[in-house]
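Asks: Output the structure for:
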Amino acid sequence: MACPSPEGGSRRGEDADEHEHADQDRPGISTGHRGGARDGVVTTSGVVSGTSPLGIPVGVPCRRACRAWRHALSPWADRAPAWQLQLKEKAKMNTNDRLTQAIEVGNFEQIALQVSNVENEVVIKQGQLESLTIEARPDVLARIKTEVRNGQLNIQMGGSWADKISAALATSFTRQRIKYVVTVKNLTGLDIFGLVQARVDNVATERLQVKFGGVGNLQIAGLKAQRLDVMVTMPSPCQVEVSGRVGEQHVSLKGMGEYEARGLESRQTTVVLQGPGGHAVVRAEDELAVTISGPGSVEYYGQPKVTKKVSPLGVVTHRSGGDGA
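Replies: Numbers count the residues shown, from 1 in each chain. As a prediction, the model looks like this:
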């Protein structure tokens with residue numbers, strides 16, 4: 001197995017001679033290409049023979065060859081793309097760099113959060129003084145856009161394409177984290193999209209409409225309303241938990257959504273599961289209507305009149321127990 005030298009000649013590594021017959025059965029792997037190592041051969045003995053334009057010696061073991069390559073290429077290691085360097089710097093920054101900003105808001109009954117590629121923590125409570133505070137890193141705060149339009153508080157993430165690409169490539173270790181605390185006089189609508197952990201505490205309202213399109217968990221505790229509508233609009237793993245008392249509740253889940261409302265008292269309940277994997281636990285006193293169009297399951301508490309339209313892969317189960325335990 002001859003390896004041509006940079007001058008155009010040929011020579012053999014000592015180890016290549018020793019294993020010439022074995023190499024005939026298993027040919028070596030050539031790594032030659034323009035701009036890189038040329039005419040290098042890996043023999044069956046695990047020894048590199050050949051030459052390179054960077055002056056790596058012939059016949060050195062593979063481990064030594066790797067160290068030699070790293071040393072030879074070290075001048076180029078510092079020329080990493082700018083976005084990679086930015087990600088490394090962001091990973092070094094910790095929670096001590098976070099700031100809390102109060103934003104003046106008012107005259108809204110609905111909240112829409114459309115912030116993706118970051119981890120969102122949302123706390124919503126009812127009070128007479130409407131307010132919004134956001135906690136995040138300064139560079140992230142500068143990109144958050146808020147606006148009240150037609151009675152709806154809209155929260156979105158702006159920024160350049162480079163910012164969006166950087167956020168999309170972030171991992172759980174480098175992904176930005178944002179916390180929102182909202183106080184609202186009367187909450188009638190909640191529309192959430194993204195990676196979210198949200199909690200709504202002790203809200204009293206005539207009707208509450210909830211849309212959840214993303215991944216995470218939404219907890220609504222101590223709700224008092226005449227009607228509750230919950231829609232999980234994307235086939236993504238998420239969970240909605242509700243407790244309190246309502247006159248009627250209407251639930252629609254797509255895909256792997258989970259609805260846990262055994263602690264929510266209601267007279268009338270409607271559950272619609274679309275797509276595989278949906279699961280709902282509800283309580284109904286008077287009437288329960290269930291529709292399952294694919295693999296899915298519904299568990300219910302109480303003694304309601306039940307009407308159901310269930311696919312062969314759907315399951316409806318009655319559970320006993322006063323507290324739903």
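Asks: I'd assumed Asn107 was in a strand, is it?
Replies: No: checked against DSSP: H, G, I helix; E, B strand; the rest coil, Asn107 lies outside a strand; its state is coil.
Asks: and it, what is it in contact with?
Replies: The contact partners of Asn107, taken as CB atoms under 8 Å, 6 or more residues apart in numbering, are Glu130, Val148, Gly151. For glycine as for every other residue, the C-beta is placed from the backbone atoms N, C-alpha and C.
Asks: top of those by neighbour count?
Replies: Highest neighbour count within these, by other CB atoms under 10 Å: Glu130, with 18 neighbours.
Asks: Ramachandran angles for the nearest residue to it once chain neighbours are set aside?
Replies: Among residues not flanking Glu130 along the chain, Gly106 sits closest, at 5.0 Å (CB to CB, 6 or more residues apart in numbering). Phi and psi for Gly106, reported as degrees, to the nearest 10, are phi -180, psi 160.
Asks: mind checking how far Gly106 is from Arg262?
Replies: Distance from Gly106 to Arg262, counting by CB to CB, to the nearest Å: 37 Å.
Asks: higher neighbour count, the two?
Replies: Shown here are Gly106 and Arg262; by other CB under 10 Å, Arg262 has more neighbours (21 against 12).
Asks: can you pull the contacts of the more buried one?
Replies: Residues in contact with Arg262 (CB under 8 Å, 6+ apart) are Val281, Val282, Arg283, Glu299, Tyr301, Arg319, Gly324.
Asks: Show me what counts as buried in the longest strand anywhere in the chain.
Replies: Identified as the longest strand of the chain according to DSSP state E is strand 204-232. Residues 205, 208-214, 216-218, 220, 223, 225, 227-232 are the ones in strand 204-232 that count as buried (16 or more other CB atoms under 10 Å).
Asks: Beyond that strand, next helix or strand please.
Replies: Once the chain leaves strand 204-232, the next helix or strand it forms, by DSSP states H and E, is strand 238-254.
Asks: ok, of the contacts of Arg262, which come out buried?
Replies: When those are checked for burial by 16+ other CB under 10 Å, the buried set is Val281, Val282, Arg283, Glu299, Tyr301, Gly324.
Asks: Adjacent strands (with direction) for whatever helix or strand Thr307 lives in?
Replies: Assessed by DSSP H and E, Thr307 sits inside strand 305-310. Strand 305-310 has its sheet partners listed here by DSSP bridges as strand 287-292 (parallel).
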